[in-house]
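# this one's structure only:
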DNA sequence: TGCTACCAAGCAAGCGCTTGCTTGACAAGC
DNA sequence: GCTTGTCAAGCAAGCGCTTGCTTGGTAGCA
């Protein structure tokens, strides 16, 4: 009786994402499942990915993941939440880096693309973008606030650019075009291709703002 | 024995899309299935859509669609092909409208968005964008040429704009950004929303080129 | 009579998920 | 130092259901 007897549900610590510890104390096996699920959801899509796929990817039998997650939906939820918090954090850090408006904007582009295309956790963000619709409505509602906050960061970034006289249009549609261009990179970017994430971010910044003028 | 006896397969005229007649002579019921499949594939995704869903949507029993299509994959193929040929045709018409570079470009944007968001056949184009990966590789290879041709049209459009001095960057990445902004509209455009397709096309043209200057 | 277009019924495989049980690690009691 | 109890983590088996697809038959039209 070391712990004060959880919630009543016999097994599975189900909650997650409302935990106190930052990570690391995460059981590891649970994190393994989330990683494998993210990779497979991204590669094949949620519906086309089976529990047996995920279990096999971490060397388990098909029933065992359900010790860690109540349902397959919960796995998707974990993946998407991971992606959303990770990309939010990364871009928020870039947004408050205190550089010039243009440098800040470019840093935000790099952060977004890094989460989407980089090695670590790229499947989380990609799954977030393309498989969120398979979450049932209650969970989607849970995400709305986080998403809104994320989009507000970009809206503010555009406002700052306009105030600095670097762009002409900081409307909502302009933000949607920008995020569209960013998110669509998932469809064509190849890590072994000729373009680096930094180059892509730079080029998009040039496109939106124009080349930086040396004074 | 009106046709020279197809391939040997007993039922289903399977081929399609390599037909001589343009449409209209299409059995109607087969076209119904393609429309329903497109709508459902777009709404729920290919894997999450069942044959029973599609059959039910056209008032058939679950086995009957297989009179018209050999497999579920073939239905997806028909939807995607329909989407790709339709959007290619629409944009090609706009590209050769003989107007000014800017007006031509904006017409192409309208055509692309019209296919993607408009009423007629929007599910075909949307399915093309998001569900093509569920086609097996041979069919995907079949589409590559068509896709390349489509992208080349946009590349040429950018080249013309640059030659006219209206944009600075006509690189491939610029084209990918542009198509990303366009294709991402599927995620946020609502037909009953406050923005029309024309407005969106205009705004994107402004963003890429800058507001038109009255001489 | 023959062909088109469909239905009624159902098959084999695979699906998400549950159940009862095993295993290894660790701590408490004697 | 050995037993005993507890717990996290997983396995083996399989349940009920759904899936894509098949098959044999037939109503209606030409």
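It's in. Not measured: the values here are computed from a predicted model.

# Nearest to DNA strand C: which residue in chain A?
DNA strand C sits closest to residue A:63 of chain A, with a gap of 2.4 Å, by CB to the nearest atom of the strand. Placement of C-beta: from N, CA and C, glycine included.

# ok, now which ones touch that residue?
Applying CB atoms under 8 Å, 6 or more residues apart in numbering or on different chains, one finds that residue A:63 lies in contact with residue A:55.

# Can you classify it by secondary structure?
For residue A:63, the secondary-structure state derived from DSSP: H, G, I helix; E, B strand; the rest coil is coil.

# Okay, and residue A:47 sits in which element?
Using DSSP states H and E, residue A:47 sits within no helix or strand.

# Would you mind stating the distance between the residue found closest to it once you drop the neighbours it is linked to in the chain and residue A:189?
Leaving aside its chain neighbours, residue A:47 sits nearest to residue B:47 (3.6 Å; criterion: CB to CB, 6 or more residues apart in numbering or on different chains). Per CB to CB, to the nearest Å, residue B:47 is found 24 Å from residue A:189.

# ditto for residue A:126
11 Å.

# Neighbour count: the two, which is higher?
More crowded of residue A:126 and residue A:189, by other CB atoms under 10 Å in any protein chain shown: residue A:126, with 22 against 17.

# before we move on, the earlier item: if I pick the residue nearest to residue A:47, what's in contact with it?
Counting by CB under 8 Å, 6+ apart, residue B:47 makes contact with A:45, A:47-48, B:134.

# hmm, try it at 6 Å
Residue B:47 makes contacts with A:45, A:47-48, as judged by CB atoms under 6 Å, 6 or more residues apart in numbering or on different chains.

# again with residue A:114
Per CB under 6 Å, 6+ apart, neighbours of residue A:114: residue A:197.

# And the pLDDT for it?
In the predicted model, residue A:114 carries a pLDDT score of 97.

# That one: which element?
In this assignment (DSSP H and E), residue A:114 forms part of helix A:101-117.

# next structured bit after that helix?
Next element after helix A:101-117 (DSSP H and E): helix A:122-131.

# Who are the packing partners of that next one?
With contacts defined as 3 or more CB pairs under 6 Å, 6 or more residues apart in numbering or on different chains; DSSP states H and E, helix A:122-131 has these neighbours: helix A:29-44, helix A:72-95.

# Now render those as TSV, adding mean pLDDT, distance to residue A:208 and mean neighbour count.
Shown next, in TSV, are these (pLDDT from 0 to 100; distance: least, CB to CB, whole Å; neighbours: other CB atoms under 10 Å in any protein chain shown):
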stretch	mean pLDDT	distance to residue A:208	mean neighbour count
helix A:29-44	95	27	21
helix A:72-95	97	16	20
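
# I'd like these laid out as a markdown table, including distance to DNA strand C.
Shown next, in a markdown table, are those (distance: least, CB to the nearest atom of the strand, whole Å):
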| stretch | distance to DNA strand C |
| --- | --- |
| helix A:29-44 | 10 |
| helix A:72-95 | 3 |
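
# Tell me where the model's unsure across chain A.
Counting by pLDDT under 70, chain A contains low-confidence ranges at A:1-27, A:212-215.

# Enumerate the residues of it near DNA strand C.
By CB under 7 Å from any atom of the strand, the part of chain A that sits against DNA strand C consists of A:49-52, A:62-63, A:66, A:70-73.

# same thing but 6 Å
Residues of chain A lying near DNA strand C by CB under 6 Å from any atom of the strand: A:50-52, A:62-63, A:66, A:71-72.

# residues near residue A:205, how many?
With other CB under 10 Å as criterion, residue A:205 counts 22.

# Name the residues of the particular helix or strand that has it in it that come out as buried.
Applying DSSP H and E as the criterion places residue A:205 in helix A:197-209. For helix A:197-209, the buried set under the neighbour-count rule, 16 or more other CB atoms under 10 Å in any protein chain shown, comprises A:197, A:200-209.

# tell me the angle of that helix relative to helix B:197-209?
With axes from the mean of the first three to the mean of the last three CA atoms, to 10 degrees defining the directions, helix A:197-209 sits at 110 degrees from helix B:197-209.

# Output the contacting helices and strands for helix A:197-209.
Partner elements for helix A:197-209 (3+ CB pairs under 6 Å, 6+ apart): helix A:101-117.

# hmm, try it at 8 Å
helix A:101-117, helix A:172-188, helix B:172-183 (3 or more CB pairs under 8 Å, 6 or more residues apart in numbering or on different chains; DSSP states H and E).

# Which one, of those helices, ends up nearest to residue B:38?
Comparison of the helices and strands packed on helix A:197-209 against residue B:38 by CB to CB identifies helix B:172-183 as nearest, at 16.6 Å.

# quick one: that closest one near chain A?
Yes. Helix B:172-183 reaches chain A (CB under 8 Å from any CB of the partner chain) through B:173-174, B:176-183.

# what's that helix in contact with?
A:176-178, A:180-185, A:187-188, A:195, A:200, A:203-204, A:207, B:109, B:112-113, B:116, B:129, B:151, B:154-155, B:158, B:167, B:204, B:208.

# Regarding chain A, what is its longest helix?
helix A:137-163 (DSSP state H).

# which one among the buried residues of helix A:197-209 gets closest to DNA strand D?
Out of the buried residues of helix A:197-209, the member with the shortest distance to DNA strand D (by CB to the nearest atom of the strand) is residue A:197, at 34.2 Å.
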